[in-house]
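Peer 1: what would the 3D arrangement of this be:
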Amino acid sequence: MRYVTVFLIGALFGLGIVISGMGNPAKVLNFFDLAGTFDPSLIFVMAGALSVAVPGYALIFRRRQKPVFGDTFVLPKARLIDRKLVGGSAVFGIGWGIAGFCPGAAIPALGLGHASALIFVVAMLVGILIARTISQADFFASAQKTTG
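Peer 2: Below is the predicted model of the structure:
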């Protein structure tokens, strides 16, 4: 039942991405083009998502001690804004601005037949492997010791 639920939630999310236009890289890139063909419609997509997510999370955390398919809620513990967070956010934003895809939109876009989505997903997977390799090499921990 757990996997059926996860599949249905993922399918609903993907459908929302496609219907909202976030699976179309041209629409996303127009959102970022403030001086040219600016398309503000994705602001409404984001506002709609937040208007559901914020009260939804508040309701779930208030009413449930644990998730339906788990023992505890898994929430981030780190509150520090460090180089890893800023660097990762910058890479994410640059990639989104260049390709017109974020990871959540690229997967449904594969189903739409966008060749650029396939290139993005492959590049994203390579980037994840590189990031894991760097992280496991303890690169960031040693950099903090010398600057901290």
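Peer 1: all helices for the protein, in order.
Peer 2: In the chain, helices defined by DSSP state H lie at 2-20, 25-32, 41-63, 83-99, 103-111, 115-136, 139-147, listed in chain order.
Peer 1: give me the contacts around the first one.
Peer 2: Helix 2-20 is contacted by residues 23, 42, 45, 68-69, 104-105, 107-109, 111-112 when judged by CB atoms under 8 Å, 6 or more residues apart in numbering. The C-beta positions use only the backbone N, C-alpha and C, and glycine is treated the same way.
Peer 1: in PyMOL, select just the buried ones from those.
Peer 2: PyMOL command restricting the contacts of helix 2-20 to the buried ones, with burial defined by 16 or more other CB atoms under 10 Å:
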select buried, resi 23+42+45+105+107+108+109
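Peer 1: just put the contacts of helix 2-20 in JSON lines and tack on pLDDT and distance to residue 91.
Peer 2: Below are the contacts of helix 2-20 laid out as JSON lines (pLDDT from 0 to 100; distance: CB to CB, whole Å):
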{"residue": "23", "pLDDT": "84", "distance to residue 91": "21"}
{"residue": "42", "pLDDT": "87", "distance to residue 91": "21"}
{"residue": "45", "pLDDT": "87", "distance to residue 91": "23"}
{"residue": "68", "pLDDT": "86", "distance to residue 91": "34"}
{"residue": "69", "pLDDT": "86", "distance to residue 91": "31"}
{"residue": "104", "pLDDT": "85", "distance to residue 91": "16"}
{"residue": "105", "pLDDT": "87", "distance to residue 91": "17"}
{"residue": "107", "pLDDT": "88", "distance to residue 91": "19"}
{"residue": "108", "pLDDT": "88", "distance to residue 91": "22"}
{"residue": "109", "pLDDT": "88", "distance to residue 91": "20"}
{"residue": "111", "pLDDT": "84", "distance to residue 91": "25"}
{"residue": "112", "pLDDT": "83", "distance to residue 91": "25"}
